[in-house]
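> Dropping a prediction and its sequence here:
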Amino acid sequence: MTRLYEEERLGVLLRLLPPAPVGWLRAAQELPAARRTFDEIVARAEADLAFRNALLADLETALAAEGYEPDRRVLDEIRERLNS
């Protein structure tokens, strides 16, 4: 019984919050596709030394040559992952 009360109370409190900003909603919708692109690029860079070297030399050019059009967040994530 206590757990039900806690869940109901939480629901009431959540309804009091203002709606999430549109930008947050858009980012949440775009995140899965960006994550898949990121994971695909990183996996390929781990398996293909020539591709990894091309990414390290000039990330944007190497990705464009392969048909990728990642946004700034994906580029930043890839740079961080490749440099670690």
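That came through fine. Note that the structure is predicted; figures quoted are calculated from it, not measured.
> where does the chain have low pLDDT?
1-2, 4 (pLDDT under 70).
> now the helices: where do they sit in this structure?
Counting by DSSP state H, residue ranges of the helices within the chain are 2-16, 22-47, 49-57, 59-65, 72-83.
> so how many other residues sit close to residue 82?
Applying other C-beta atoms under 10 Å, we find 15 residues neighbouring residue 82. Backbone N, C-alpha and C define where each C-beta goes, glycine included.
> for residue 31, that is, sorry about that
For residue 31, the tally of surrounding residues (other C-beta under 10 Å) stands at 11.
> cool, and residue 78?
For residue 78, the tally of surrounding residues (other C-beta under 10 Å) stands at 20.
> my read: it touches residue 51, true?
No - with contact taken as C-beta atoms under 8 Å, residue 78 and residue 51 are classed as non-touching, separated by 11.6 Å.
> Residues in contact with both of these two, list them for me.
Applying C-beta atoms under 8 Å, 6 or more residues apart in numbering, one finds that residue 78 and residue 51 are jointly contacted by residue 45.
> If anything else comes up later, I'll come back, but that's it for now.
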